[in-house]
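Peer 1: sequence-free structure coming up:
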């Protein structure tokens, strides 16, 4: 029996970007965007697959809010972003439930967005899965990545975990309920943490094309 989930996009964008030296959410992307950013590109990619898109901001709330609102998204603030990414995940997922949605597409702001075809594949896999599958995770060249798709059962596990947990640890402890989907999309497993990472990415152009 297939599911008919009501997806909510969640973009985690509250990090301090200390290694980058500037807010990664505001970095120009794609290279020829003429004003687009990692954050804008992420919202644009999730919007066709979601009822709404929530961006979890931190101390950068004032800077990212105009971008989010201009693209029809919503902002929720992590009041203590120094607690780490998992705290932002918990805040974002709680907001999903507060808004009456039963599934989430969660991604990170510090990377090019996944291809539309990748998101279609992940959503189809999630919808076709039985209720014993709580999450769908993309995999490229043996590496797991984002976006991840989670249902209420998986959200509940994340929300009940200690604030200093890691999402990967919780996923691994419930592997029987996770479906890993191989995709031809390097963007799902990219990490852009330093100026060198970003320059290398800009030099080759968007891997999502």
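Peer 2: Noted; the coordinates are in hand. Just so you know, these numbers come straight off a predicted model, no measurement behind them.
Peer 1: secondary structure element holding the most centrally placed residue in the chain?
Peer 2: Nearest to the mean C-alpha position of the chain, by CA atoms, centre = their mean, lies residue 107 at 0.7 Å. Taking DSSP states H and E as the definition, one finds residue 107 inside strand 103-108.
Peer 1: okay, buried residues for the following helix or strand past that strand please.
Peer 2: Heading C-terminal from strand 103-108, the first helix or strand you meet, by DSSP H and E, is helix 116-128. Under the neighbour-count criterion of 16 or more other CB atoms under 10 Å, helix 116-128 has 118, 119, 121, 122, 123, 125, 126 buried. Where C-beta positions appear, they are placed from N, C-alpha and C, glycine not excepted.
Peer 1: now find how far off-centre helix 116-128 is within its chain.
Peer 2: 15 Å (CA atoms, centre = their mean, to the nearest Å).
Peer 1: what of stretch 102-115?
Peer 2: 3 Å.
Peer 1: helices of this structure, residue ranges please.
Peer 2: Assigned by DSSP state H, the helices in the chain fall at 38-46, 61-70, 85-98, 116-128, 152-160, 167-172, 195-204.
Peer 1: who does the residue nearest to the centre of the chain form a beta bridge with?
Peer 2: Note on residue 107: beta-bridge partners by DSSP bridges are residue 11.
Peer 1: the helix or strand bottoming out on mean pLDDT in the chain packs against which elements?
Peer 2: Within the chain, no helix or strand scores below helix 195-204, which has a mean of 86 by mean pLDDT, DSSP states H and E. Helices and strands touching helix 195-204, as assessed by 3 or more CB pairs under 8 Å, 6 or more residues apart in numbering; DSSP states H and E, are absent.
Peer 1: show me what counts as buried in it.
Peer 2: Applying 16+ other CB under 10 Å to helix 195-204 flags 197, 198, 201 as buried.
Peer 1: would you turn the residues you listed into TSV with distance to residue 184?
Peer 2: Formatted as TSV, these follow (distance: CB to CB, whole Å):
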residue	distance to residue 184
197	22
198	23
201	18
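Peer 1: tell me the one among those residues nearest to residue 17.
Peer 2: Using CB to CB, residue 198 is the member of the buried residues of helix 195-204 that lies nearest residue 17, at 10.7 Å.
Peer 1: quick one, what contacts the closest one?
Peer 2: 20, 27, 192 (CB atoms under 8 Å, 6 or more residues apart in numbering).
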